[in-house]
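In: After the sequence you'll find the predicted model.
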Amino acid sequence: MKKVFILPLLCLLTFVCSSCSDKEYITEVPPNELRPEITVIFTSNGLGDLGYNDLVLQGFQTIYQNNLFIKMYLYAPHSIQEAEDIFTDWIQRSTSQRSLCILATSDYEQMVNNYFTQTDTLPKGKDVLLFESNNPHNLPITTFRLSMYGASYLAGVCAATSTKGNALIVGGSSSDSSIQSAFDGFTDGYKSITDDTPDTAFIASSYEGYAQPITAYHMMGRWSRTYSFIYPVAGGSNLGIYKFIRDYNPSVFTTGMDVDQSHLCNKITGSLIKRLDKLVAFYTNLWLSGNSMPPKAVYGLGSQFVDWTLAPSYSEELEVITNTYRDQAIQKENEYEY
């Protein structure tokens with residue numbers, strides 16, 4: 001039997017799950033229950049990353065605490081196939097109340113595309129919110145994407161200012177186009193200070209590269225001898241990079257990702273901040289109030305949802321250069337995105 005983990009929210013949420021043959025699914029809410037229902041499917045093996053996924057979870061904890069009338073189901077599947085099983089069950093399950101399925105990763109974009117090859121609409125009363133997608137096929141769903149270009153531009157400026165030597169950008173998956181804005185932003189910011197171009201590397205060719213901190217730890221053995229700065233865009237795998245630096249204290253600097261991670265090692269100069277808890281609240285509150293969610297949106301450094309923040313021990317050294325280049329980073333990001 002495939003196992004799908006249902007996550008309790010500090011004992012606040014009641015998660016109902018029933019087994020049926022070889023899969024698990026959300027039990028149907030009784031017909032007299034008209035409370036709105038929210039189903040969240042996290043990225044496979046993503047929780048516990050001390051970053052993106054944990055911040056999304058924190059956002060939904062707050063939403064439930066502030067809206068006790070809703071029914072909320074949180075799933076952390078082991079694989080994309082398990083996620084597809086959950087999504088299919090949600091689609092097929094009849095319900096009398098409004099129901100929102102939140103796909104909290106771009107990993108599931110193809111899964112949604114596959115569904116809409118068979119139909120043009122969602123069942124009545126059901127809506128889908130897909131994270132980190134441009135919705136290139138204009139499907140009848142809501143999507144948003146956080147542009148990392150502007151904040152990464154500032155990270156590149158700080159990297160070129162604070163270190164001498166080569167820089168490396170590390171991605172979680174070579175097949176993930178959603179991180180390209182981080183690669184391009186860091187490269188452009190870095191080159192605004194120096195003529196050098198950062199190298200690039202990936203943990204894996206698949207989305208599993210975002211949950212392989214041990215692999216990243218071992219790769220650091222080579223990278224730390226070659227590069228003076230590493231810009232990690234690899235989700236939970238970043239933890240392996242930070243641990244290597246804690247263990248061996250090499251002459252290499254790095255950045256935090258998604259939340260302020262300056263406490264994870266003393267070589268983090270700053271962190272790219274994604275205020276996903278606030279973004280989750282923004283979309284969910286619109287839906288709960290019956291208002292339309294923006295069908296397609298991009299949020300970057302000029303919004304309230306993305307920022308670059310310096311680590312306390314490096315703020316004195318890098319605050320002036322960060323403030324000097326902030327407006328330029330926002331302008332460059334707007335040109336890049338639009």
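Out: Thanks, I have it.
In: Quick check: nearest residue in space to Ala311, chain neighbours excluded?
Out: Closest residue to Ala311 apart from its sequence neighbours, by C-beta to C-beta, 6 or more residues apart in numbering: Ser262 at 3.5 Å. Any C-beta I mention is one placed from the backbone N, CA and C, and that applies to glycine too.
In: Surely that neighbour is within a helix?
Out: No: read with DSSP: H, G, I helix; E, B strand; the rest coil, Ser262 is coil and lies in no helix.
In: Return the residues in contact with it.
Out: Contact analysis of Ser262 by C-beta atoms under 8 Å, 6 or more residues apart in numbering lists 256, 268, 270-271, 311-313.
In: one more time with 6 Å, if that's ok
Out: 256, 268, 311 (C-beta atoms under 6 Å, 6 or more residues apart in numbering).
In: go on, Leu154?
Out: For Leu154, the contacting residues are 308, 322, 329, by C-beta under 6 Å, 6+ apart.
In: mind checking the SS state of it?
Out: Criterion first, three-state DSSP; result for Leu154: helix.
In: Tell me how far the nearest residue to Leu154 once chain neighbours are set aside lies from Gly156.
Out: Spatial nearest neighbour of Leu154, excluding adjacent residues (C-beta to C-beta, 6+ apart): Trp308 at 4.2 Å. Noted for Trp308: a distance of 10 Å to Gly156, by C-beta to C-beta, to the nearest Å.
In: again, but for Tyr283
Out: From Tyr283 over to Gly156 the distance is 30 Å, taken as C-beta to C-beta.
In: Could you check which of those two has the larger neighbour count?
Out: Set side by side, Tyr283 and Gly156 show more neighbours around Gly156, with 30 against 20, by other C-beta atoms under 10 Å.
In: Retrieve the pLDDT associated with the more buried one.
Out: Gly156 carries a pLDDT value of 98.
In: what's the answer for Tyr153, then?
Out: Confidence at Tyr153, expressed as pLDDT, is 98.
In: The nearest residue to it once chain neighbours are set aside and Thr200, how far apart?
Out: Counting by C-beta to C-beta, 6+ apart, the nearest residue to Tyr153 once its immediate chain neighbours are dropped is Gly189, at 3.7 Å. Using C-beta to C-beta, one gets 15 Å for the distance from Gly189 to Thr200.
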